[in-house]
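S.K.: Coordinates only, no sequence provided:
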């Protein structure tokens, strides 16, 4: 009975999140990008001048809302539990390369689902790579991979990253001259819903994701490890809801070529998401889940988010991010190095099962 | 009675499951129930005697152990 109720909660949450994600595009966000954790962290990094790619600079209120929404619900449900200390620097590096993989594919696992729901079949290659990456991670999990245990922190320590989100929100609203905003028509950074709408969407989705523990990586990992399909059902619900809304409003355009903020190089779409899946399993969750855990006071996840942030800055400063034209040579090198680094991290943190 | 043990790492759960099975107790790995925790790790659900007592965890990886009851969960060990 309890299991059925959990499943129903996840399905309803997934449907609501799918509708919100498709709705954000109608409200002004880039096509097939109602939500994209990787793209939005990258845009925020650009707005703060950590990279200078003029097309992608905007402090995205969705990210702020996701962290604060998860924080508020965690406080209400007495689940705010500051903890950390589980190999934070390793997590930073994993977060860094997960972002390199995301920007090869041009989207996080969440956007991968939204791209599919918009008819972007290039994301099928991404999905295949993502599943292969998760299988690689599960291989090491089953052989004793661990980043060691976490430890309890003070409530203040867990609140630092959420507090930074408040600062970012103030900077967004005040818009001082030292913050960079993409000029209209220059790129996807200029396409965004109104601040209040984006923030509300983030808050709602953050709370729902905290309540249901929605995680794209966790969904496939649990299905493989335990034959447990609940989490995965949530993402199927997101896909279904976004697909229906896209079809109704005319945002469903099936095909490979000419898809918004996407390229058609299947091999590198696959390899980029393979890196994302592999790295995310080793981190214990996808980028969305890292934001939600940050809201719950997990400082390891906060460090991971900083890794994602820095990965985005490097990707654009060193021409590793793909564009509609396709992947770059530097991006291919970055993904290859990333796969090697993630593999080494998996091996050195795996101990054989004791008999 | 059924018991659920949660851990700070997936590896801790794997190791505990093997220890349970070595002691002749039926045990399985599963995701931590949402009603028990907001964390998304792996737990071990096992069948033990009514008077089961938690042994000191030499590895320090057990987060908590609960006993399943009609009303919900009864905490019998908490690591922190």
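M.R.: Received it, and whenever you're ready, just let me know what you need. Just so it is clear, the model here is predicted, and its values are computed rather than measured.
S.K.: Identify the residue of the stretch 101-250 of chain A closest to chain B, quick one.
M.R.: Going by CB to the nearest CB, chain B is nearest to residue A:149 of the stretch 101-250 of chain A, at 3.3 Å. (C-beta placed from N, C-alpha, C; glycine too.)
S.K.: Let me know the pLDDT of residue A:172.
M.R.: Note on residue A:172: pLDDT of 98.
S.K.: and it, what does it touch?
M.R.: A:47, A:59, A:61, A:64, A:179, A:195 (CB atoms under 8 Å, 6 or more residues apart in numbering or on different chains).
S.K.: how close does residue A:223 get to residue A:230?
M.R.: 9 Å (CB to CB, to the nearest Å).
S.K.: more neighbours, the two?
M.R.: Taking other CB atoms under 10 Å in any protein chain shown, residue A:223 and residue A:230 do not tie; residue A:230 has more neighbours (21 against 17).
S.K.: just checking, that one touches residue A:9?
M.R.: No - judged on CB atoms under 8 Å, residue A:230 makes no contact with residue A:9 at a distance of 9.3 Å.
S.K.: Type out the PyMOL command that picks the buried ones from the contacts of residue A:172.
M.R.: Filtering those down to the buried ones (16 or more other CB atoms under 10 Å in any protein chain shown) takes a single PyMOL command:
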select buried, chain A and resi 47+59+61+64+179
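S.K.: In helices, which of the contacts of residue A:172 fall?
M.R.: Members of those lying in helices (criterion: DSSP state H): A:47, A:61, A:64, A:195.
S.K.: ok, the residues you listed vs residue B:16, which is closest?
M.R.: Among those, residue A:64 lies closest to residue B:16 (CB to CB), at 39.0 Å.
S.K.: got the contact list for the nearest residue to the closest one once chain neighbours are set aside?
M.R.: Excluding its sequence neighbours, the residue lying closest to residue A:64 (CB to CB, 6 or more residues apart in numbering or on different chains) is residue A:165, at 4.4 Å. Counting by CB under 8 Å, 6+ apart, residue A:165 makes contact with A:63-64, A:67-68.
S.K.: What are the buried residues along the host helix or strand of residue A:165?
M.R.: Element membership for residue A:165, per DSSP states H and E: helix A:155-174. Of the residues in helix A:155-174, A:158, A:161-162, A:164-165, A:168-169, A:171-172 count as buried by neighbour count, 16+ other CB under 10 Å.
S.K.: helix/strand/coil for residue B:44?
M.R.: Recorded secondary structure, residue B:44: strand (DSSP: H, G, I helix; E, B strand; the rest coil).
S.K.: which residues of chain B fall in helices?
M.R.: Using DSSP H, the helices of chain B run over B:10-22.
S.K.: Quick check: residues of chain B near chain A?
M.R.: Proximity of chain B to chain A, by CB under 8 Å from any CB of the partner chain, involves residues B:8-12, B:14-15, B:18, B:29-31, B:33-35, B:37-38, B:40-42, B:60-61, B:80.
S.K.: Any idea how many residues pack against residue 79?
M.R.: Since no chain was named, I'll use chain A. Residue A:79: 16 surrounding residues under other CB under 10 Å.
S.K.: let's do chain B instead
M.R.: Residue B:79: 15 surrounding residues under other CB under 10 Å.
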